[in-house]
Each structure stands twice: as structure tokens, then as C-alpha cells.
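**Student:** For reference, the sequence and a predicted model appear below.
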Amino acid sequence: MSIVTSYRLEPMVGDPDDHRPATRWALLADPGDDAGRVEHLAVIVEWIGPGERIPLHVHDVDEVILPHGPGRFRLGESATDVHEGAVVFIPAHVPHGLENPGVDRLPLHAVFPSTRIWLRYLERNAAPGSETAPIGPAATYDLRTGKVELDRP
């Protein structure tokens, strides 16, 4: 049991497959309590920039997304407009993505039952100069340590 009372939203930089220069985010893992107990829960706090989108991707764990404003959500084969107050339940391995078609940032919280998040992109938001590159390998993000492990064929 723990409470995180402050964090800093950072620019999304360095991912050639998910280039969103106006988006800010924070990756939060349960830091544990005074007795050393640590839960395996993680939250991504994100402000998606106007006109930007999270590209279609999959995880190997379930995810819950709580958007705090209007957006266009892709879940499997369907696309749905979502608004503040929506709760999007995403089973493991189901393709999903979210677009912010508005002129204001779109805040959201994504909750995971693990601090190690595996991610495989199915499409790209190509960084400038990498538009013709293929989608990169899947990766596991360790939100507790900040390390990223790329899948190797």
C-alpha cells in the first residue's frame, strides 16, 4: 500500500515508432510501503497532444484506460468516440489505440496489473526521417527500474 503524491510529466522522446512531440507522460510503478511490501501495479499518466494518437498496439497483460476528455478509441476492429467518464477495458493481446482529434490535450490514466509492460506496435507514428523504416521489435518496459528490453528474433 502506497500513495504517490507528485510526479512529473515528461515529453515522449526517443521512440521512432511512437513519435508524439506534444504529448507528455509519467510512468508510475508502486514504490512500496514502509514495510517493504510492493504491489505489482502500474499507471501511465498521459496528456495526448492535440491531433496526436497512440498507434495501434498490443500488450501481454490486461489494461484499463480512463480518458479525461473526448477522443477516438480503437479496440480490436471497432472505433468508438469516448468522453470523460468512460472506462475502457482491454484484454491482453487485443489491438488498441487512441486518437486525440481535438484542439486541447487529452489527459488519460492507463492502469496495468504489472510493473513490466510488454508492448508490440502494429502501426507507427514515425519520427521524422524514419518514415520508411519497418516497425521496430516488441519491447518490455520495466516501470520500476526504467529499463527497456527489446525482443530479439
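**Tutor:** Sure, I can see it. Given the structure is predicted, the values throughout are model-derived calculations rather than measurements.
**Student:** burial measure for the closest residue to residue 109 other than its chain neighbours, as a count.
**Tutor:** Among residues not flanking residue 109 along the chain, residue 66 sits closest, at 4.7 Å (C-beta to C-beta, 6 or more residues apart in numbering). For glycine as for every other residue, the C-beta is placed from the backbone atoms N, C-alpha and C. Number of residues near residue 66 (other C-beta atoms under 10 Å) recorded here: 16.
**Student:** Next: residue 20.
**Tutor:** Residue 20 has 22 neighbours, counted by other C-beta under 10 Å.
**Student:** Tell me who's in contact with it.
**Tutor:** Taking C-beta atoms under 8 Å, 6 or more residues apart in numbering as the criterion, residue 20 is in contact with 12, 48, 49, 52, 53, 54, 125.
**Student:** Next step: those restricted to strands.
**Tutor:** Among the contacts of residue 20, the members falling in strands are 48, 53, 54 (criterion: DSSP state E).
**Student:** Hmm, residue 73 is touching residue 83, no?
**Tutor:** No. In terms of C-beta atoms under 8 Å, residue 73 does not count as a neighbour of residue 83; the distance is 10.4 Å.
**Student:** Next, residue 133: secondary structure please.
**Tutor:** Of the three states, residue 133 takes coil according to DSSP: H, G, I helix; E, B strand; the rest coil.
**Student:** so who does the closest residue to residue 90 other than its chain neighbours touch?
**Tutor:** Using C-beta to C-beta, 6+ apart and skipping residues adjacent in sequence, the residue nearest residue 90 is residue 63, 4.4 Å away. Residues in contact with residue 63, defined by C-beta under 8 Å, 6+ apart, are 90, 96, 110, 111, 112.
**Student:** now residue 146
**Tutor:** In this structure, residue 146 makes contact with residue 27, judged by C-beta under 8 Å, 6+ apart.
**Student:** Also residue 5?
**Tutor:** By C-beta under 8 Å, 6+ apart, the contact list for residue 5 is empty.
**Student:** Helix, strand, or coil at it?
**Tutor:** Reducing the assignment at residue 5 to three states with three-state DSSP gives coil.
**Student:** what about it, distance to residue 46?
**Tutor:** 19 Å (C-beta to C-beta, to the nearest Å).
**Student:** low-scoring pLDDT stretches of this structure, where are they?
**Tutor:** Low-confidence regions of the chain, defined here as pLDDT under 70, cover residues 1, 33-36, 153.
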